[in-house]
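Peer 1: Just the structure for this:
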Amino acid sequence: MSLYDLLKQRRMVRHYTDERIPREVLERLAATVRRAPSAGFSQGQRLLVIDEPELLQELARDETRDAEPWFGSAAAHVLVLTREQDYHDRYTRPDKLDATGGEEIVWPVPFWHVDAGAALMLVLLAAIEEGLAAGVYGVQVDDQPRWRELLQIPDDLTIVAGVTLGKAAPDPEWSKRTSRATQRRKTIDELVTWNRWSS
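Peer 2: Have a look, this model is predicted:
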């Protein structure tokens, strides 16, 4: 299957069967982080793969009671994390300082988040390659202390996003009311401009 075929299959899935994911599949999926791009080869991305049933149940506690299960039906979660300090460490090494006159670059954007997004996309594409479905979520600020304690996440790692994984089940009724079902897909001309931006 080509990349373009994979992309046609990519969608957010929030309802899964009760089929478990073999550990070797999760290991292959997690190994994609080693191929993710990173500024200056800083390699600040980290993945935390959660497949223990007890931990999955704990994560599902945060679900809204009146919603059909999303977290509760996932066979695994992958948290995409980033370690900002890896970028500062890399860009204060001699080869980078020689190129910038002895000072760390002024970061135009937080590339540790950019690179985490690239790692996230690799996880989503690898899930399709493995015959799995996936859904992306954010961990709300108020929930982060509980997640950090439960999953023993060190303070120097930032939680960027999470991904639920599993075998897709038929969409629940509430998914018909979500963004993909209620919003039109923008045209290519609305999203892509060539050579110079014009209004």
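Peer 1: Ser73 and His15 touch, don't they?
Peer 2: Yes - applying CB atoms under 8 Å, one finds Ser73 in contact with His15, separated by 5.8 Å. All C-beta spots, glycine's among them, are computed from the backbone N, C-alpha and C.
Peer 1: what are the ranges of the strands in this protein?
Peer 2: Counting by DSSP state E, the segments of the chain that form strands are 45-50, 76-82, 133-137, 158-166.
Peer 1: Nearest the middle, which residue of this protein would you pick?
Peer 2: Leu120 (3.3 Å; CA atoms, centre = their mean).
Peer 1: That one - nearest residue in space that isn't next to it in sequence?
Peer 2: Val80 (4.8 Å; CB to CB, 6 or more residues apart in numbering).
Peer 1: In the sheet, which residues pair with the one you found? Tell me.
Peer 2: In this entry, Val80 is beta-bridged to Leu47, Ala161, by DSSP bridges.
Peer 1: Which single helix of this protein contains the most residues?
Peer 2: If you go by DSSP state H, the chain has its longest helix at helix 111-129.
Peer 1: List the contacts of it.
Peer 2: 1, 3, 6-7, 9-10, 28-30, 32-33, 35-39, 42, 44-45, 47, 78, 80-84, 86-87, 133-134, 136, 158, 160-161, 163, 165 (CB atoms under 8 Å, 6 or more residues apart in numbering).
Peer 1: Which residue ranges of the protein form helices?
Peer 2: Shown for the chain, the helices assigned by DSSP H span residues 3-9, 23-30, 53-60, 84-90, 94-99, 111-129, 144-151, 179-182, 188-191.
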